[in-house]
Structures are given as structure tokens and as C-alpha cells.
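Chemist: Structure, please.
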Amino acid sequence: MVVTDPGDPDVVALLEGHLSFAAEHSPPEDVHALDLDGLRDPSITFLAARRDGVLLGVGALKVLDPTHGELKSMHTLAASRGSGVGAALVRRLLDEARALGLERVSLETGSMEAFAPARRMYARAGFVACEPFGDYNPSRNSTFMTLDLSPDAR
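Modeler: The predicted structure is shown next:
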């Protein structure tokens, strides 16, 4: 997994699939995926997972404040789902969060059945349900999760 430009052509194609997936399974007001400009924000570390040069998945860490980050734009190529690519991206992004001194990482994902595999993956990584954070509002279509990275949590 490497930090990469979200504007790489294969990444753009995967991100378009990510946005289409979100739009297919969520009402417009509950699609919180970032566009290309949003992913290029200086507060974001954007990673791509590749095997033999083939893009398998992407994910990002957005720093919300000096102690809190958010996982964003997690998406794995359909053919790679269930192979551990998403979990590896989460682990690498959590390593980045720790290196930045963040004490908590949160995320928003869909509450619909299409997002159940993602929710299970996050739970296996130690994320637990939480209240909306940042600029999010409560929604029956969103599941909010968080992971405590503070030294006391270890």
C-alpha cells in the first residue's frame, strides 16, 4: 500500500465505481463519499493497494482535528472483496493515524444490507458503534463507528 494521487486514471475509475455504489444503495442526502478534489485536500492521506501493478482498493484518512481522524473513501475492487485488501488498507490507515498522534478514528458507512460486509470488516478491526461525529447528522441510512487509539485503550 502506498500513498498515491487520487487522480491516477485507474484510481479515478475505481472512485467512480465507489460513487456509483454509494448512489445505488443510499439516498442522495446520505452519500458522503468525497470527490476527487475532496480527496486531494491536505488533511487527507490517500492510499492505493496494488498487486503486480493492478489496483485492488483505495482508502483515505482525513484528519478532523489534532486527536481525531476519519476513514474515508474505502473501496475494494469487486473481484478483490473478501481477500483481505480492505482489512489491510484499514490497518495501514490506522498505522498512519497512530503516527500522526491521533487518539480516535471514526467512520460513516451505510446501514443497508449492501454495506454489511464493510461493517463486519470494521468491527473485526475493533471499531464500535458511536453517535454521529463531525458534521454528520443522525440518519437511519448511516452507521457511525469509532476506534479508540489512545494509549489508555491499548
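Chemist: helices and strands of the chain: which one bottoms out on pLDDT?
Modeler: When the helices and strands of the chain are scored by mean pLDDT, DSSP states H and E, helix 9-25 comes last with a mean of 78.
Chemist: What are the contacting residues of that one?
Modeler: 4-6, 31-33, 35-36, 39, 48, 55, 57-58, 73, 75, 77-78, 110, 112, 114-115 (CB atoms under 8 Å, 6 or more residues apart in numbering). For every residue, glycine as well, the C-beta is placed using N, CA and C.
Chemist: Have a look at this structure and report its longest strand.
Modeler: In the chain, assigned by DSSP state E, the strand with the most residues is strand 54-65.
Chemist: which helices and strands does the helix or strand just after that strand pack with?
Modeler: Where DSSP states H and E defines the elements, the next helix or strand beyond strand 54-65 is strand 68-76. Contacts defined by 3 or more CB pairs under 8 Å, 6 or more residues apart in numbering; DSSP states H and E place strand 68-76 against helix 9-25, strand 44-51, strand 54-65, helix 85-99, strand 104-110.
Chemist: change it to 7 Å
Modeler: helix 9-25, strand 54-65, helix 85-99, strand 104-110 (3 or more CB pairs under 7 Å, 6 or more residues apart in numbering; DSSP states H and E).
Chemist: how about low-confidence regions in this protein?
Modeler: 21, 23-24, 27-28, 153-154 (pLDDT under 70).
Chemist: For Arg124, which of the helices and strands packed on strand 68-76 is the nearest?
Modeler: helix 85-99 (7.0 Å; CB to CB).
Chemist: The host helix or strand of Thr146: partners in the sheet, and parallel or antiparallel?
Modeler: If you go by DSSP H and E, Thr146 is part of strand 142-148. Partners of strand 142-148 in the sheet, by DSSP bridges, are strand 104-110 (antiparallel), strand 128-129 (antiparallel).
Chemist: For it, list every residue counted as buried.
Modeler: Ser142, Thr143, Phe144, Met145, Thr146, Leu147 (16 or more other CB atoms under 10 Å).
Chemist: before we move on, what about stretch 73-86?
Modeler: Ser73, Met74, His75, Thr76, Leu77, Ser80, Arg81, Val85, Gly86.
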